[in-house]
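In: Model the following, please.
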Amino acid sequence: VTFDINSTCYFPTSLAFARRGINWMPKAYLILNLVADIHFGLRVPLYNARGVLTEKYTPLYKIPYYCFGTAIGIDSLSILIFFPALYLESDYEHFTYLSE
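Out: Just a heads-up that it's a prediction; the model follows:
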């Protein structure tokens with residue numbers, strides 16, 4: 001668990017936190033797009049200047065992701081699924097919010 005003043009970020013290894021169910025959002029909503037650094041990140045694969053695959057710590061808003069939904073009973077908790085391996089193929093300068 002990591003936190004700062006105005007947010008909390010969990011990286012669960014199971015869906016036990018949503019034992020009452022998940023409100024799935026099959027449609028992408030632009031309002032849920034991460035557009036700024038929220039002070040959290042993940043290690044993503046990246047090729048260095050010599051062409052060797054390494055890892056680099058990258059802020060979450062630069063990693064492709066999908067807003068899956070919310071946990072029933074905790075509607076203020078958004079479930080975001082991140083795809084660090086897609087970072088290699090993406091240019092974070094454009095949209096990282098997966099849709100359509």
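In: Roughly how far does residue 33 sit from residue 75?
Out: Counting by Cβ to Cβ, to the nearest Å, the separation of residue 33 from residue 75 is 19 Å. Placement of C-beta: from N, CA and C, glycine included.
In: With neighbour numbers in mind, choose between those two.
Out: Counted by other Cβ atoms under 10 Å, residue 33 and residue 75 do not tie: residue 33 has more neighbours, with 14 against 10.
In: Show the pLDDT at that one.
Out: With respect to pLDDT, residue 33 has a value of 71.
In: Residue 65 pairs with what?
Out: residue 82, residue 97 (DSSP bridges).
In: Without its sequence neighbours, what residue ends up closest to residue 73?
Out: Nearest residue to residue 73 in three dimensions, chain neighbours excluded: residue 20, at 4.8 Å (Cβ to Cβ, 6 or more residues apart in numbering).
In: that's a helix at that neighbour, yeah?
Out: No - using DSSP: H, G, I helix; E, B strand; the rest coil, the assignment for residue 20 is coil, not a helix.
In: residues contacting it?
Out: 71-73 (Cβ atoms under 8 Å, 6 or more residues apart in numbering).
In: Also residue 15?
Out: Applying Cβ under 8 Å, 6+ apart to residue 15 gives the contacts residue 22.
In: Looking at per-residue confidence, what score does it get?
Out: Reported pLDDT for residue 15: 84.
In: if we can go back for a sec, in strands only, show me the contacts of residue 20.
Out: Judged by DSSP state E, the subset of the contacts of residue 20 located in strands is residue 71.
In: Just the buried residues of the contacts of residue 20.
Out: With burial judged by 16 or more other Cβ atoms under 10 Å, the buried subset of these is residue 71.
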